[in-house]
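Engineer: Next one to model:
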Amino acid sequence: MQRAQRNSLKLLQWMMAASLALPIALFAIAAAISYTSTNDIADREIERTLDVAHEHALKVFETIDRSLAELNEVVRSLPDETIRVREPALHRRLKRLTDSLPQLKSAWIFNADGKALVNSLVSPPPELSFADRDYFYAHVDQSIGTFIGTALTPRPPYQGARFFGVSRRRDADDGRFIGVIQASVLPEYFESFYARIGSDPGSFFAMGRTDGALLAHFPRLDHDLRLDPGGPVGQKIATSPEHGLMTIAWPLDGIERRIGYRRIAEYPIYVSAGLESSAIRARWFATMGQHLVFGIPATALLFLLLAFAFRRTQHLQAEAAARREAEDALKHSQRLEALGQLTGGVAHDFNNLLTVIRASVDLLNRPQLTEERRQRYITAIADAVARAAKLTSQLLAFARRQTLKPEVFDVGQRMQSLHDMLATLLGPAIEIVTRLPAEPCLVNADAGQFETALINMATNARDAMQGKGRITFEVEAATTIPDTLAPGAHGYISVTVRDTGIGIPAARLGRIFEPFFTTKQVGHGTGLGLSQVFGFARQSGGEVTVTSEVGQGSTFSLYLPRVPLELRPQRQAPSTAPAVAGSGMSVLVVEDNIELANFAADGLTELGYSITLVDNATDALAELVVDADRFDVVFSDVVMPGMTGLDLAQAVRDRGIGVPVVLTTGYSQALSQDGAAEFDLVQKPYSIEELSRVLHRTARLRRVRDGAAE
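Structural biologist: Have a look, this model is predicted:
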């Protein structure tokens, strides 16, 4: 005893030391993980922002290019004299063009001497030569297609903001140079756009030519913008000319940034997006500061509590020991009872299933295995997984955490369809009497869980009769209901299972719906059958009752809310074949469990689906906001840290994003209470075949709706 007391004091001393050392170690580990995660998140944000900036610049230059080509067609082969005669009309056309495109400052038509024949600013244009401008002389000696010039200042008498030229050569029918068509583009148009999309602190954007001349820069600078092609930025771009990421001190302002760049297809232009390294570090500091805000007080409180416990323990060793002995005795007895029931039922059944799976896996690894035996072992694994999923489903049903899939069905028809299966299950020594109503008895409930509940009640009755006797199944509109139910709008349907077994003693009648409570021998039942019935009834808005007398049998009554006849589902032709092939269908998979995510992604990829994988709902929503048309369907787990899958689905619906969402879960309190609304649900554990059928059906329905809408 004294040694135990000394050990307890030493333990408290060690705990006091650990209460300081462990939080420090955990904080250091969390800081390292958080630093890496913060940088990864920043890189993803930069890539997404760069996608937006690249797409915007590409569309702007393509629009200008098409406009110049249309102008070239209008004045093709026209002599300068004819253009001057038509100058008023051409001026109005150019003005309409610049008014319709906010990125344009002006549009011009020059002759071979660099003098303006027409522009969008004034009519008629002044007699000035612009032959020294790069957008003009670049076309004189040869045809180079579309030319993008450097940033320039307007020449008097013209005024206003700086611009850069986008121009095309005018050729005569014989190929002679006869002038230039040019559009003056405003860098501030791009900078304003960058300011809108770069709302985060430390945001950075740049757009420039391949020779290092910058055309737009955010934040804006008050001096000429040009990079040395042989400098650090140029060298990095030279090693990866199409796109890349780099951390570098930006030469124009000396600020270190994490920058992504991408070349615009068919144009000698790069767009860049990035974040200041200090802003990324500030995010990391903020995250770690939150840990410290809670961690330091919690650590100090823990240390003080342990110190107080240490001093109290020194004075109250005897009393504490006696109290612990009494508490341990009580807890031990309670633990033995619970563990006896749990170990004898659930653990036994699960170990049996795991044994089947392990043995089948070992046998599958044997060489020279025949196809027939290989298929038999695979089938055994699948059956074991299905039985384990059913056992888990029973646990969740009692806890009312099982995600139900309600549908309207006729209880009488469902009972009749189960007759043959029940006869096989109960055995030939049991007489089955079925009493069904003449009128339909419709309920809105999970048909699979209803069948499971019915089978559980029938199995319980069979065991109570020791395999022989009579079981009566009766379906009718309930004339009376238990006191625990509120009167329903359309009443209730009662499903009664009556047996001629040994009955239930009154002392046990109040415990039969408890999980793990069973009077059967170890290995002959988990005690979850009737608890599943109880959980299913309560979660479906109904109730289950039992009346019994020893030696006279038992009667179980399941009550479910009735629905009107007009809700009866229409008969549909059964599908002839499952649609599992992806055919290039694009799926956004949202799953925080990396092993499960890779399993789903690999399986769907083999079936021909195009997979984009993200590990949280926030990033998934950002992907959809940037470009929802990339995806045909979203497949998301429900239970995830932060934004849940159900939150993601509702956000997609609220924002009007036209991509359907399929959810998956094995346990979700949110879904069990609120339901999956209008979203399709795949229950875990699922197979790739089942998943592919649901994804294909959901995405196909979307395509049908989109096609009808067009």
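
Engineer: Can you pull out the low-pLDDT segments for the stretch 301-450 of the chain?
Structural biologist: Counting by pLDDT under 70, the ranges of the stretch 301-450 of the chain that qualify are 310, 314-353, 355-356, 359, 362-363, 387, 389-404.

Engineer: so where do the helices sit in it?
Structural biologist: For the stretch 301-450 of the chain, applying DSSP state H, counting those that start in this stretch gives helices covering 317-342, 348-364, 371-399, 411-417, 419-426, 447-464.

Engineer: And the spatially most central residue of the chain, its phi and psi?
Structural biologist: Centroid-nearest residue in the chain: residue 590, 3.1 Å away (criterion: CA atoms, centre = their mean). The phi/psi pair for residue 590 (degrees, to the nearest 10) reads phi -120, psi 110.

Engineer: so what's it up against?
Structural biologist: Contacts for residue 590 (CB atoms under 8 Å, 6 or more residues apart in numbering) come out as 614, 615, 616, 617, 620, 634, 635, 636, 637, 640, 645, 648. Heads up, the C-betas are built off the backbone N, CA and C, glycines and all.

Engineer: out of those, which are inside helices?
Structural biologist: The helices, defined by DSSP state H, take in 617, 620, 645, 648 from the contacts of residue 590.

Engineer: residues contacting the nearest residue in space to the last one that is not next to it in sequence?
Structural biologist: What that stands for is residue 648. Among residues not flanking residue 648 along the chain, residue 617 sits closest, at 3.9 Å (CB to CB, 6 or more residues apart in numbering). Taking CB under 8 Å, 6+ apart, we find residue 617 in contact with 590, 636, 640, 642, 643, 644, 645, 647, 648.

Engineer: In CSV: those, plus distance to residue 295 and pLDDT.
Structural biologist: Output for those, formatted as CSV (distance: CB to CB, whole Å; pLDDT from 0 to 100):
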residue, distance to residue 295, pLDDT
590, 30, 94
636, 32, 92
640, 24, 86
642, 20, 87
643, 24, 89
644, 26, 88
645, 30, 88
647, 28, 89
648, 30, 91
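
Engineer: and those residues, which two are the farthest apart?
Structural biologist: Using CB to CB, the two most remote members of the contacts of residue 617 are 636 and 642, lying 12.8 Å apart.

Engineer: Comparing those two, which residue is more hemmed in?
Structural biologist: More crowded of residue 636 and residue 642, by other CB atoms under 10 Å: residue 636, with 26 against 9.

Engineer: From what I see, that one and residue 618 are in contact.
Structural biologist: No: with contacts counted by CB atoms under 8 Å, residue 636 stays clear of residue 618, the gap being 11.8 Å.

Engineer: list the buried ones in stretch 162-176?
Structural biologist: 163, 164, 165, 166, 167, 168, 169, 170, 171 (16 or more other CB atoms under 10 Å).

Engineer: what's the answer for stretch 496-508, then?
Structural biologist: 496, 497, 498, 499, 500, 501, 502, 503, 504.

Engineer: swap in stretch 216-227?
Structural biologist: Using 16+ other CB under 10 Å as the test for burial, stretch 216-227 gives 216, 217, 218, 225, 226, 227.

Engineer: Name the strands paired with the helix or strand hosting the second one and say parallel or antiparallel.
Structural biologist: Secondary structure assignment for residue 217, by DSSP states H and E: strand 214-218. As defined by DSSP bridges, the strand partners of strand 214-218 come to strand 203-209 (antiparallel).

Engineer: And for the strand it pairs with, what's in contact with it?
Structural biologist: Outside strand 203-209, the residues within contact range by CB under 8 Å, 6+ apart are 49, 53, 57, 148, 150, 190-191, 194, 198, 214-219, 225, 227, 250, 257, 259, 268-276, 279.

Engineer: before we move on, the earlier item: taking the buried residues of stretch 216-227, tell me the two that lie furthest apart.
Structural biologist: Of all pairs drawn from the buried residues of stretch 216-227, the one with the longest distance (CB to CB) is 218 and 226, at 16.5 Å.

Engineer: May I have the residues that are in contact with residue 492?
Structural biologist: For residue 492, the contact set (CB under 8 Å, 6+ apart) comprises 477, 478, 481, 485, 542, 559, 560, 561, 562.

Engineer: Check whether residue 612 really touches residue 632, as I assumed.
Structural biologist: No: assessed by CB under 8 Å, residue 612 is found out of contact with residue 632, at 11.0 Å.

Engineer: Mutual contacts of the two, please.
Structural biologist: Here residue 612 and residue 632 share the contacting residues 586, 587, scored by CB under 8 Å, 6+ apart.

Engineer: More neighbours: which of those two?
Structural biologist: Higher neighbour count among residue 612 and residue 632: residue 632, with 23 against 15, using other CB under 10 Å.

Engineer: I'd like to know how far that one sits from residue 608.
Structural biologist: According to CB to CB, to the nearest Å, residue 632 and residue 608 sit 12 Å apart.
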